[in-house]
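Visitor: Take this sequence and fold it.
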Amino acid sequence: MHRLALCVWLAATTALTSAAFAFDNGQYDHVSPDIRAWFKSVIAPNGVPCCDISDGHRTDYDVRGGTYWVPIEGQWMEVPERAIIRDRGNPVGQAVVWYVHHRGAIIISCFVPADAV
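Guide: I've put the predicted structure just below:
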């Protein structure tokens, strides 16, 4: 229940900051149940759920000076250490980043590299 409340809070916060929020309106029907389950199970190191498949964005990434960088909306952004998830594996074969818009800024909440184990 706590996870659901957090996802609802995240959705409400994002909507109130006039950002587009991803919804599963059937466009993910072709995704296998094990991949869906993985997206729902990913939790940031600080214990905050990353939410769901419609919230995660498959992405390219770069490593600069030992730090991950991802392109979001046309700009490369540094992934904060607090968002990097290294222990959940990655069954999709691409890096995945979860982010929200908050008060004019993009906040990266979770990131799973393509080679996470």
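Visitor: make it CA atoms for all contacts and neighbour counts henceforth
Guide: Will do.
Visitor: Name the residue most distant from the centre of the chain?
Guide: G65 (22.5 Å; C-alpha atoms, centre = their mean).
Visitor: Please report the distance of it from I85.
Guide: Note on G65: its distance to I85, by C-alpha to C-alpha, to the nearest Å, is 18 Å.
Visitor: And A37, by the same measure?
Guide: From A37 over to I85 the distance is 16 Å, taken as C-alpha to C-alpha.
Visitor: Who has more neighbours out of the two?
Guide: The residue with more neighbours, out of A37 and I85, is I85; 20 against 12, by other C-alpha atoms under 10 Å.
Visitor: How about the contacts made by the more buried one?
Guide: Residues near I85 by C-alpha atoms under 8 Å, 6 or more residues apart in numbering: I43, A44, P45, C110, F111, V112, P113, A116.
Visitor: To which secondary structure element type does R88 belong?
Guide: coil (DSSP: H, G, I helix; E, B strand; the rest coil).
Visitor: is it true that it touches A116?
Guide: Yes - if you go by C-alpha atoms under 8 Å, R88 and A116 touch, sitting 7.0 Å apart.
Visitor: After whatever helix or strand V70 lives in, which helix or strand is next?
Guide: Using DSSP states H and E, V70 falls within strand 67-72. Using DSSP H and E, the helix or strand that follows strand 67-72 towards the C-terminus is strand 75-78.
Visitor: got a list of contacts for that following strand?
Guide: T67, Y68, W69, V70, P71.
Visitor: so the third one bridges to which residues?
Guide: According to DSSP bridges, the residues that bridge with W69 are D62, E78.
Visitor: Quick check: which element contains V100?
Guide: strand 95-102.
Visitor: roughly how far apart are the residue positioned nearest the centre of the chain and G104?
Guide: Closest residue to the average C-alpha location of the chain: W98 at 1.8 Å, with C-alpha atoms, centre = their mean. Going from W98 to G104 by C-alpha to C-alpha gives 16 Å.
Visitor: how about the helices in this structure?
Guide: Remark: helices assigned in the chain by DSSP state H are 2-16, 33-41.
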